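In: fold the following, please.
(2 chains)
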There are 2 protein chains.
Amino acid sequence: MPDPILVEVLRGARVESAHRGAVAVVDADGAAVLALGDVTRAIYPRSAVKALQALPLVESGAADRYGLGEEELALACASHGGEPAHVAVAARMLARAGLDAGALECGTHWPSHQPSAQALARSGEAPSALHNNCSGKHAGFLCLACATGADHHGYVAATHPVQREVKAALEGMAGVTLADDAYAIDGCSIPTWALPLEKLALAFARFATGHGLSPERAKAAGRLRAACAAKPYYVAGTGRFCTRMMEHFGTRAFVKTGAEGVFCAALPEQGLGIAVKCDDGAGRAAEAITAALIARFLPMDEADRAFLARFVRPTLRNWNGLTVGEIRPTQELLPG
Amino acid sequence: MPDPILVEVLRGARVESAHRGAVAVVDADGAAVLALGDVTRAIYPRSAVKALQALPLVESGAADRYGLGEEELALACASHGGEPAHVAVAARMLARAGLDAGALECGTHWPSHQPSAQALARSGEAPSALHNNCSGKHAGFLCLACATGADHHGYVAATHPVQREVKAALEGMAGVTLADDAYAIDGCSIPTWALPLEKLALAFARFATGHGLSPERAKAAGRLRAACAAKPYYVAGTGRFCTRMMEHFGTRAFVKTGAEGVFCAALPEQGLGIAVKCDDGAGRAAEAITAALIARFLPMDEADRAFLARFVRPTLRNWNGLTVGEIRPTQELLPG
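Out: Below you'll find the model as predicted:
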């Protein structure tokens, strides 16, 4: 059976496009609070698990050894826009480990933040690997490699000690055993391990609460959540969904996007983990679904609800600023 | 019943995302040659009908009055990348009618062609309405207004004589009567009229052949097809799907993309019209579907097939150039 339609895109009065997907909301015991579509199917979480991939950086003591603060830890969890402040923090992380941009193995792309890309073009410079949206995560991997005495070259390979640590952290958080070949290559060249959606949600319920984790891991999770809540600009950037959500909700909601329509979220006060996969990979739908789930599961006042409305049902405007339609979640996402 | 999955996106060995959609292939009598999914549903054709919207420009004599040649007519049918040559031709069209960029009502955006956007940023200039991907179509509308003595101000409104002519052309080509309110507002502020997918395919079968059209309209259709085949760079731009298809196939295949996963195509030698709508609006899927349909319905040699393969099953590479997956059409699209 196909996954249900979770989001519709209207132009005028007519549905122009529609997005199917699956949603898992679970508590830290793994009990399902909401399951829409096939939540047992393994999906690639992509960048939505960067905070889990950053756990070894903290647990190993590497973060303390190199004096990584909230900005650095938030950037290690980030898909950033390549804004100058993002680039500066990534460079600082590398410098602490005695490295520079040449050590990054994530590849290079122009900043996704358009004003930053235009400013870079105006300056006559070309982007470097520091502008890659994953440069903070990779700088964290390099700090981990250096602090633990591993040769950092080839740190992106599944067989490198850094990626073995990352895989073990994912397995522990999600309560799964991953076959050594159960991965594909991510945009930044590291392995992306396929996980059942409901297990991904469980990982974020544990990330939210520390429940079922070792004291060291629970502390590391709390420190990463606190860093992202304190410095949400470093998790994404100007105007971006993850940043705006955490600027508003602070420690009440951790949210992180991943490519191809993935979103993960943690609601610490409710003890819930959320995992979203839009079947067709559309980020616009995954954002609206995530906003609708926050509205449904996070207790909120009128101001919260007013803030969230523009993300749950975004208005679509054209190049002249005219309202031409909207994105809206379907009944499936509303409380029964 | 949901539309079938027509395209899968693989990362490693696993399907990461999937796209559903509908396809109509019809001959100029309206007989269905292939129907996948719901072909009776009305969809917004968006920019995929720019060549039909340009018919009144030619039929009215406006194109001749202003001496519009192949480059100008191709640009009138275009969603261009805002490259300098596109901007120059749009400006030239306006100048022929005694106008300049200030008359354009399409709105402004940065060139979608990234090197052109970066060069514009480096020059310290801002984009104008000439960089809007629809500026050639709008320049054509303005030529039509001026040649027919209509006040050009407000030419984007559904009630303006220009848009009334465009609506009548669509109705004639598709063999439908459009209610006066059966439209929404497009990205460039003109009406986009909802049409059943099978009628959209019929319009392009007629565009391909002239069958069932007045001699004047058949001649105008032929002239627009010839212009796009001769100057495909002006229909899209460097490296773009429509341009590359028409550079290779010339007069054998007219193809035009529209926003939200729409594609229309005309195969003159086979007398076929094609209309594609990807349900979720994904352009990557609509391109692969269109390439698969060309491979299926256009007789071709080995060189044609080798050329087309990279569009039917595009390889996905990451920021380091590593192969990470592919896009592939499903069995539904292969000859039975």
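In: interface residues of the stretch 1-150 of chain A facing chain B?
Out: Counting by Cβ under 8 Å from any Cβ of the partner chain, the stretch 1-150 of chain A comes close to chain B at A:2, A:9, A:11-14, A:16-20, A:42-44, A:105-110, A:114, A:117-119, A:121-122, A:124, A:132. All C-beta atoms are positioned from the backbone trio N, CA, C, and that covers glycine.
In: so which of these belong to strands?
Out: Judged by DSSP state E, the residues of the stretch 1-150 of chain A next to chain B include A:9, A:11, A:14, A:16-20, A:42-43 as members of strands.
In: who's in contact with stretch A:25-34?
Out: A:23-24, A:35, A:39, A:175, A:198, A:201-202, A:205-206, A:208-209, A:211-212, A:271-274, A:293, A:297 (Cβ atoms under 8 Å, 6 or more residues apart in numbering or on different chains).
In: once you drop chain neighbours, what's closest to A:P335?
Out: Leaving aside its sequence neighbours, A:P335 sits nearest to A:R296 (Cβ to Cβ, 6 or more residues apart in numbering or on different chains; 5.7 Å).
In: return the distance of that neighbour relative to A:G283.
Out: 20 Å (Cβ to Cβ, to the nearest Å).
In: just the element for A:V23, please.
Out: Using DSSP states H and E, A:V23 falls within strand A:14-27.
In: can you verify my assumption that the residue nearest to A:P335 contacts A:G336?
Out: No: counting by Cβ atoms under 8 Å, A:R296 does not reach A:G336; the two are 10.2 Å apart.
In: between these two, which one's more packed in?
Out: Between A:R296 and A:G336, A:R296 has the larger neighbour count (other Cβ atoms under 10 Å in any protein chain shown), namely 16 against 5.
In: how big is the angle separating the strand or helix carrying the more buried one from strand A:14-27?
Out: Assigned by DSSP H and E, A:R296 belongs to helix A:283-297. With axes from the mean of the first three to the mean of the last three Cα atoms, to 10 degrees as the basis, helix A:283-297 and strand A:14-27 are set at 50 degrees to each other.
In: and the helix or strand that comes right after helix A:283-297, what does it pack against?
Out: Scanning forward in sequence from helix A:283-297 by DSSP H and E, the next helix or strand is helix A:302-312. Packing contacts for helix A:302-312, counted by 3 or more Cβ pairs under 8 Å, 6 or more residues apart in numbering or on different chains; DSSP states H and E, involve helix A:241-249, helix A:283-297.
In: if I read this right, A:S79 contacts A:S47, doesn't it?
Out: Yes: counting by Cβ under 8 Å, A:S79 touches A:S47, with 4.6 Å between them.
In: what do these two both touch?
Out: Shared contacts of A:S79 and A:S47, defined by Cβ under 8 Å, 6+ apart, comprise A:133-134, A:256-258.
In: for those, pick the one with the most neighbours.
Out: A:K256 (28 neighbours).
In: who touches A:N320 in this structure?
Out: Contacts of A:N320 (Cβ under 8 Å, 6+ apart): B:105-107, B:189.
In: closest to A:V87 among these?
Out: Taking Cβ to Cβ as the measure, A:V87 lies nearest B:G107 of these, at 31.7 Å.
In: measure the residue nearest to the closest one when sequence neighbours are not counted to B:C188 for me?
Out: In space, and not counting its chain neighbours, B:G107 is closest to A:W319: 2.8 Å by Cβ to Cβ, 6+ apart. According to Cβ to Cβ, A:W319 and B:C188 sit 6 Å apart.
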